[in-house]
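A.B. asks: Give me coordinates for this.
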Amino acid sequence: MSYLLFLDESGHDHKNMPYEVRGGIAIHARALWAFVQGMQRLELDSFGCQLHQFRKELKGSTLLDRKRFKFADQDQPMEPESRRKHCRGFFTKNLQHKRLKREEFTAYGQACLVMARGIFQLLHQHDAVLFAAAIPRGTRQGNAVLLDYLRKDQVFLLERYFYFLEEKREHGLLVVDEVEKVADRKFVRRLEAYFTLTAPGRERTVWIVPSPFFVASDMIYPMQAADLCIYCINWGFRLPTQGMAADMRKEIAKEFGPWMNRLQFRGQGYRDGNVFATYGICFVPNPHGPGRA
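C.D. replies: The predicted structure follows:
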């Protein structure tokens, strides 16, 4: 049996997010189907329908957009059946370009928060483990030579996944959100170079299967859960001692920041004969510079 690490990214359009974050959630194969079924039930319980029926996707930016909190706070929490009814009205009228009522906006906002909270509970119940590496927004690739190599933040992400798998004595797969074929091929080439041309990379193939699988995020519930986690790290989790101190959205930091801390990997790493504590979330101020940070 194996773990599957569902990897997504946030902020790589260099527009509105505080950081660029790559990371995701590791779920054991034996828990995967139960987690997917739990997500399906949660989606129906939250919205009264499956979002893909209305051309929408479960994403962090969908569930936790600022407007969702504003909509949710317009009124007292609705009864579940009433919330589901008005949510279906919200989606149907949107497709028909009809005027929406206040209670429909409220129901949609509340359903989004119910869904987000439920996802974190499901992740915890199924022993999911969080890994992520953040870098400053707008970081450039560096010189042309570096184009063929993994950035330091990506190496650190794989390093922590390796420590986790080694501790569990389990193999691990990489499941990556497909973006665009040219970019995906470049990422695969960099992975191959890391796992075949570097000593640490070759060592880590003992537990990490070096060939990633690419999937469409809107088809895979665990990838959608990973997207939510990475979104929350970008807006609601900080490591000030490492220099990660950009402004946060207080509503995300207050409610979902503790979940990030709870789910992230905690274990031991080693280097040059030294053993040290290591964590699933890290910040890399200079992903092209020398040294560890």
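A.B. asks: What segments of the stretch 51-200 of the chain are strands?
C.D. replies: With DSSP state E, counting those that start in this stretch as the criterion, the stretch 51-200 of the chain has strands at 129-136, 171-177.
A.B. asks: Output the contacting helices and strands for the first one.
C.D. replies: In terms of contact count using 3 or more CB pairs under 8 Å, 6 or more residues apart in numbering; DSSP states H and E, strand 129-136 is assigned the packing partners strand 19-28, helix 152-168, helix 221-236, helix 250-263, strand 281-283. Heads up, the C-betas are built off the backbone N, CA and C, glycines and all.
A.B. asks: Need these in JSON lines (columns: distance to residue 5).
C.D. replies: Shown next, in JSON lines, are the helices and strands packed on strand 129-136 (distance: least, CB to CB, whole Å):
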{"stretch": "strand 19-28", "distance to residue 5": "5"}
{"stretch": "helix 152-168", "distance to residue 5": "6"}
{"stretch": "helix 221-236", "distance to residue 5": "9"}
{"stretch": "helix 250-263", "distance to residue 5": "13"}
{"stretch": "strand 281-283", "distance to residue 5": "14"}
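A.B. asks: between those, which gets nearest to residue 7?
C.D. replies: Taking CB to CB, strand 19-28 is the member of the helices and strands packed on strand 129-136 nearest to residue 7, at 4.2 Å.
A.B. asks: tilt between the following helix or strand past that closest one and helix 221-236?
C.D. replies: Scanning forward in sequence from strand 19-28 by DSSP states H and E, the next helix or strand is helix 29-47. With axes from the mean of the first three to the mean of the last three CA atoms, to 10 degrees defining the directions, helix 29-47 sits at 70 degrees from helix 221-236.
A.B. asks: Give me the buried positions along helix 29-47.
C.D. replies: 31, 32, 35, 36, 38, 39, 42, 43, 46, 47 (16 or more other CB atoms under 10 Å).
A.B. asks: what angle separates that helix from strand 171-177?
C.D. replies: Here helix 29-47 points in a direction 30 degrees away from that of strand 171-177 (the same axes, to 10 degrees).
A.B. asks: What mean pLDDT does helix 29-47 get?
C.D. replies: Averaging pLDDT along helix 29-47 yields 97.
A.B. asks: swap in stretch 222-231?
C.D. replies: 96.
A.B. asks: Kindly report the same for stretch 283-293.
C.D. replies: What stretch 283-293 shows for mean pLDDT is 74.
A.B. asks: Next: stretch 94-113.
C.D. replies: Regarding stretch 94-113, the rounded mean pLDDT is 95.
A.B. asks: Can you show me the CA trace of that stretch as PDB?
C.D. replies: C-alpha atoms of stretch 94-113 as PDB (Å, rounded to 0.1, in the frame of the first residue of the first chain):
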ATOM      1  CA  ASN A  94     -27.200  32.100 -12.100                       C
ATOM      2  CA  LEU A  95     -27.300  29.900 -15.200                       C
ATOM      3  CA  GLN A  96     -30.600  31.500 -16.200                       C
ATOM      4  CA  HIS A  97     -29.200  35.000 -15.600                       C
ATOM      5  CA  LYS A  98     -32.100  35.800 -13.300                       C
ATOM      6  CA  ARG A  99     -32.100  38.200 -10.400                       C
ATOM      7  CA  LEU A 100     -31.000  36.600  -7.100                       C
ATOM      8  CA  LYS A 101     -32.600  37.100  -3.700                       C
ATOM      9  CA  ARG A 102     -30.800  38.000  -0.500                       C
ATOM     10  CA  GLU A 103     -31.500  34.700   1.100                       C
ATOM     11  CA  GLU A 104     -30.000  32.900  -1.900                       C
ATOM     12  CA  PHE A 105     -26.800  34.800  -1.500                       C
ATOM     13  CA  THR A 106     -26.800  34.100   2.200                       C
ATOM     14  CA  ALA A 107     -27.400  30.400   1.600                       C
ATOM     15  CA  TYR A 108     -24.500  30.200  -0.900                       C
ATOM     16  CA  GLY A 109     -22.100  31.900   1.400                       C
ATOM     17  CA  GLN A 110     -23.000  29.800   4.400                       C
ATOM     18  CA  ALA A 111     -22.800  26.600   2.300                       C
ATOM     19  CA  CYS A 112     -19.300  27.500   1.100                       C
ATOM     20  CA  LEU A 113     -18.100  27.800   4.700                       C
END
